[in-house]
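Next one to model:
(2 chains)
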Amino acid sequence: AQKVTQAQTEISVVEKEDVTLDCVYETRDTTYYLFWYKQPPSGELVFLIRRNSFDEQNEISGRYSWNFQKSTSSFNFTITASQVVDSAVYFCALSSAAGNTGKLIFGQGTTLQVKP
Amino acid sequence: EAGVAQSPRYKIIEKRQSVAFWCNPISGHATLYWYQQILGQGPKLLIQFQNNGVVDDSQLPKDRFSAERLKGVDSTLKIQPAKLEDSAVYLCARVEVQETQYFGPGTRLLVL
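Model (predicted):
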């Protein structure tokens, strides 16, 4: 069975602090995809990044960076120099490349509050 | 730009009433998903369409939920009759390259 765990329910930081959101996943598939989505108060799910299971290169996009470690089944997300606009619920998700469903298995989400 | 239109954005009904939600993946994508997101939880798949056909509806409560996708474009999700526990956000998603799903704004349903 596939599962995504985001152990941090809520995180509160002060603006300009760095913050890391943890994601641990379980799957028996050898090929899969990992995702991060942002859900601001408006409610829409915004795609941030996709990672293929065979690509363990870390990625940086502006203030965002992602650390994918297959050995620990983790796909953590770091925001550097956080801003108030980063306040949102962040979801980690997993999908299998097997079959043709491609459905996303989401974690419970981490609510990030960035205070000015 | 997610490229997925949904309506209505909000709906309030009483239990045992019926309700329908509409989704249009504006660019006309073959694969379409409906997810249910209960407050405080991550979204959960209800049904997946590939063109007109259903690929996965294993999590759809078929005694009260139904969905269709005519002509392989827009889709309708219906609940009849609604229960209190159906209060949630209903999200529609399309697929882009390499299995990336893009979501519409969702429909917030409150069942009283």
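
close enough to count as contact, residue A:109 and residue B:43?
No. Here residue A:109 does not reach residue B:43: they are 9.5 Å apart, not a contact under CB atoms under 8 Å. C-betas here are computed from N, CA, C, even on glycine.

Could you name every residue contacting both of these two?
Listed as contacting both residue A:109 and residue B:43 by CB atoms under 8 Å, 6 or more residues apart in numbering or on different chains are residue A:91.

Among the two, which residue is more densely surrounded?
With neighbours defined as other CB atoms under 10 Å in any protein chain shown, residue A:109 and residue B:43 compare such that residue B:43 has more, 28 against 24.

Helix, strand, or coil at the closest residue to the more buried one other than its chain neighbours?
Once flanking residues are discounted, residue B:43 sits nearest to residue B:35: 3.8 Å by CB to CB, 6 or more residues apart in numbering or on different chains. Secondary structure, DSSP: H, G, I helix; E, B strand; the rest coil: residue B:35 is strand.

Distance-wise, check residue B:35 relative to residue A:50.
17 Å (CB to CB, to the nearest Å).

Show me which of the two is the more surrounded one.
The neighbour count for residue B:35 versus residue A:50, taken as other CB under 10 Å, is higher for residue B:35 (25 against 20).

shouldn't the more buried one be in contact with residue B:47?
No. Using CB under 8 Å as the test, residue B:35 is too far from residue B:47 to be in contact (9.1 Å).

Return the residues in contact with the closest residue to residue B:34 other than its chain neighbours.
Once flanking residues are discounted, residue B:34 sits nearest to residue B:46: 4.5 Å by CB to CB, 6+ apart. Residue B:46 makes contacts with B:34-36, B:57, B:59-60, B:65, B:67, B:77, B:90, as judged by CB under 8 Å, 6+ apart.

okay, residue B:46: pLDDT?
Reported pLDDT at residue B:46 in the predicted model: 97.

What pairs with whatever helix or strand it lives in, parallel or antiparallel?
Element membership for residue B:46, per DSSP states H and E: strand B:44-50. If you go by DSSP bridges, strand B:44-50 pairs up with strand B:31-37 (antiparallel), strand B:53-56 (antiparallel).

could those go into JSON lines alongside distance to residue A:91 and mean pLDDT?
JSON lines is the format used below for the strands paired with strand B:44-50 (distance: least, CB to CB, whole Å; pLDDT from 0 to 100):
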{"stretch": "strand B:31-37", "distance to residue A:91": "10", "mean pLDDT": "95"}
{"stretch": "strand B:53-56", "distance to residue A:91": "20", "mean pLDDT": "90"}
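
and residue 94, what does it touch?
Here I'm looking at chain A. Counting by CB under 8 Å, 6+ apart, residue A:94 has contacts A:2, A:4, A:25, A:27, A:32-35, A:104-105.

wrong one, chain B
B:2-4, B:25, B:27, B:29, B:31-33, B:101-102.

between these, which is nearest residue B:15?
Minimum distance to residue B:15 across the contacts of residue B:94 is 26.3 Å, recorded for residue B:33 (CB to CB).

Can you show me the helices along chain A?
With DSSP state H as the criterion, chain A has no helices.

Nearest to chain B within it, name that residue for me.
residue A:106 (3.0 Å; CB to the nearest CB).

who does that residue bridge with?
residue A:93.

contacting residues for it?
A:4, A:37, A:91-93, B:42-44.

Turn the contacts of residue B:94 into CSV, including neighbour count, distance to residue A:62 and secondary structure.
Formatted as CSV, the contacts of residue B:94 follow (neighbours: other CB atoms under 10 Å in any protein chain shown; distance: CB to CB, whole Å; DSSP: H, G, I helix; E, B strand; the rest coil):
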residue, neighbour count, distance to residue A:62, secondary structure
B:2, 20, 20, coil
B:3, 15, 23, coil
B:4, 24, 25, strand
B:25, 26, 28, strand
B:27, 11, 27, coil
B:29, 18, 28, coil
B:31, 19, 30, strand
B:32, 26, 31, strand
B:33, 27, 29, strand
B:101, 27, 22, strand
B:102, 21, 20, strand
